[in-house]
Every structure is written in structure tokens, then in C-alpha cells.
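> based on what follows, work out the 3D shape:
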Amino acid sequence: MPVSSRRNRTGPVVAILAAAGLGLLVLPLLGLLLRAPWAALPDLLVSEAVLQALGLSLGTAAASTVVCLVFGIPIAVLLSHSVHWNLVPRRLLRAAITIPLVLPPVVGGIALLLLLGRRGIVGQWLAEVGVTIPFTTGAVVIAQTFVAMPFLVFAVEGALRSADRRSELAAATLGATPAQTFRLVTLPLVAPGVAAGAVLCFTRALGEFGATITFAGSFPGVTRTLPIASYLAMNSDPDAGVALALVLLAVSLVVLLALRDRWLPGVVR
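A predicted model of the protein is given here:
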């Protein structure tokens with residue numbers, strides 16, 4: 001048997017464990033589809049509450065994605081250059097970016113509230129000039145940005161690390177400024193990574209729940225996003241809750257399926 005064929009073979013134990021793992025990922029979603037109230041779904045999806053939550057979710061997720069792009073790309077550049085730093089500051093920088101990924105979202109919401117709330121470290125000064133952030137639509141965007149930005153940063157950092165940097169050196173040799181090199185050479189080189197990070201950022205922001213409900217609350221038309229509306233509906237109208245969950249699932253699937261394979265993390269083309 002050729003060496004390549006032997007390398008591509010999967011042992012029975014690995015195959016069984018992989019199938020069980022895929023079952024844990026897929027079966028809950030299949031259960032959602034099987035128990036969905038398909039007959040009543042059209043009426044549920046055009047209800048005012050669903051449309052209101054959907055519009056708010058899409059708008060805030062798009063806004064938080066733009067914020068992540070503005071601040072996340074420079075952070076990714078800094079992180080990619082940190083390989084030349086000393087060990088401690090390099091690890092501290094990576095830890096600071098990674099924390100929102102491993103931190104329970106509710107804890108993130110509490111941290112935002114303690115920072116920007118009316119009695120928070122910064123929020124008390126903002127309150128004195130009449131600026132209130134918690135329990136507003138802006139608070140939803142901030143909460144979504146907090147939990148979603150690491151996805152963009154790591155996607156762009158991976159693209160920067162794998163990009164051929166000789167074009168940047170050539171541009172610098174020809175007299176381009178660092179800003180010109182970044183705008184005209186670096187960004188086009190890492191465009192697939194930026195696109196993948198932006199899409200993952202958008203879908204993560206769209207599904208954010210814990211930090212949002214803690215920091216922004218649940219006010220219809222103001223802070224009640226699709227995940228919050230779905231959770232609340234499960235207590236009073238389970239069919240509406242399932243319908244909202246299906247909307248979230250459908251939007252996430254459409255976004256991810258629209259990505260090229262080479263833009264997805266872990267896929268090599």
C-alpha cells in the first residue's frame with residue numbers, strides 16, 4: 001500500500017470517537033429542526049417581536065463587526081510583531097486578547113458594567129456629563145464587540161503570519177511609508193483572513209447573550225436581540241422561542257456556507 005494511503009487511513013477508534021463527537025455537535029441542531037413548529041412558522045417569523053429582534057440583532061452585529069475591524073486589525077498586526085518581544089509582554093498581550101474567548105460572557109457583562117455603569121470606574125465620569133451607556137443599544141454593540149473581537153484578531157494574525165512578506169519589504173525599499181505599505185500591500189495580502197475574521201466576528205456577535213443581557217438588559221426594540229428574545233420566549237411561548245432559534249441558526253449557516261473554504265480557520269488550500 002502506498003505511504004500516502006497509509007497516512008490517510010483513520011483507525012476504528014478514532015473514527016468512532018469522531019462520529020460520537022460529530023453527533024454531539026449535530027444531533028442537538030437536528031432535534032431543533034425536528035421539533036420546530038413548521039406549520040406556524042410563517043406567522044411567527046413575521047410577528048412584530050421577531051422582526052424587531054431580528055433587525056436589532058443584524059444592525060448591532062454589523063456595527064460591532066465594523067468596530068472590531070477598526071480596532072482588531074491593528075491589534076492583529078501588533079500581535080504578529082510580538083514574536084520579537086520578550087516572553088512576558090508577548091504572553092501578556094496574547095492573554096489579554098484571549099480572555100474574552102474563555103471568560104463566561106456574563107462575567108464579561110459584569111466587568112463592562114463595573115467599568116461603564118453609572119457608578120463604574122469610567123461610567124461615573126460619563127454620567128456627570130449626561131452620557132449613559134448601560135441598557136442602551138450602544139451597550140449591545142460594546143458587549144458584542146468585547147466577545148467577538150478575538151475571532152477577528154486571531155484570524156488576521158494567522159493570515160499575517162502565513163503571508164509572503166517580501167512584497168512589504170519591496171514596497172519599503174521603493175520608498176513607501178509604513179502607512180502606505182500597510183494600506184496598499186499588507187491589507188490586500190491578508191484580505192482573506194480579514195474577511196474570515198469579519199464573518200466569524202459577525203456570527204459571534206449575532207449570537208451573543210450573556211454579556212448583552214447583563215450589560216444592556218432586555219428592552220424591546222432597544223436591547224432585546226434575537227438570543228435574548230428566544231430565551232424569554234421559551235418561558236412563555238416555546239414555539240416562538242424555537243422560531244427565533246431557527247432564525248439564528250439559518251443566518252449563521254448562510255453566513256458560514258457563503259465563506260470560501262480557504263477563509264475558514266484550519267482549512268488549507
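> please count neighbours and contacts with C-alpha atoms only from this point.
OK.
> okay, now the unreliable bits of this protein?
Counting by pLDDT under 70, the low-confidence segments of the chain come to 1-10, 164-165, 259-269.
> hang on, isn't Met149 packed against Cys201?
Yes: with contacts counted by Cα atoms under 8 Å, Met149 reaches Cys201, the gap being 6.4 Å.
> give the residues shared as contacts by the two.
65, 68 (Cα atoms under 8 Å, 6 or more residues apart in numbering).
> in which helix or strand does Ala63 reside?
Per DSSP states H and E, Ala63 falls inside helix 48-81.
> so after that helix, what's the next helix or strand?
Past helix 48-81, the next helix or strand by DSSP H and E is helix 87-102.
> output the contacting helices and strands for that next one.
helix 48-81, helix 137-162 (3 or more Cα pairs under 8 Å, 6 or more residues apart in numbering; DSSP states H and E).
> redo these as a markdown table? Include distance to Leu116 and mean neighbour count.
Converted to a markdown table, those look like this (distance: least, Cα to Cα, whole Å; neighbours: other Cα atoms under 10 Å):
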| stretch | distance to Leu116 | mean neighbour count |
| --- | --- | --- |
| helix 48-81 | 17 | 20 |
| helix 137-162 | 9 | 25 |
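> go through these and name the closest to Ala39.
Of all the helices and strands packed on helix 87-102, helix 48-81 sits nearest to Ala39, with 16.6 Å by Cα to Cα.
> how big is the angle separating the closest one from helix 137-162?
Per axes from the mean of the first three to the mean of the last three Cα atoms, to 10 degrees, the angle that helix 48-81 makes with helix 137-162 is 40 degrees.
> please save the CA atoms from stretch 123-139 in PDB.
Provided in PDB are the C-alpha atoms of stretch 123-139 (Å, rounded to 0.1, in the frame of the first residue of the first chain):
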ATOM      1  CA  GLY A 123     -19.100  55.500  33.700                       C
ATOM      2  CA  GLN A 124     -19.400  57.800  36.800                       C
ATOM      3  CA  TRP A 125     -17.500  60.400  34.900                       C
ATOM      4  CA  LEU A 126     -19.600  60.000  31.800                       C
ATOM      5  CA  ALA A 127     -22.800  60.200  33.900                       C
ATOM      6  CA  GLU A 128     -21.700  63.700  35.100                       C
ATOM      7  CA  VAL A 129     -21.800  65.000  31.500                       C
ATOM      8  CA  GLY A 130     -25.100  63.200  30.800                       C
ATOM      9  CA  VAL A 131     -23.700  60.200  29.000                       C
ATOM     10  CA  THR A 132     -25.300  56.800  30.000                       C
ATOM     11  CA  ILE A 133     -24.100  53.700  28.200                       C
ATOM     12  CA  PRO A 134     -25.700  50.700  30.000                       C
ATOM     13  CA  PHE A 135     -29.100  49.500  28.900                       C
ATOM     14  CA  THR A 136     -28.800  51.200  25.500                       C
ATOM     15  CA  THR A 137     -28.300  50.000  22.000                       C
ATOM     16  CA  GLY A 138     -24.800  51.200  22.200                       C
ATOM     17  CA  ALA A 139     -24.200  48.900  25.200                       C
END
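> what comes up buried for that stretch?
Buried residues in stretch 123-139, defined by neighbour count with 16 or more other Cα atoms under 10 Å: 123-127, 132-139.
> of all those, which two lie farthest apart?
Trp125 and Thr137 (19.9 Å).
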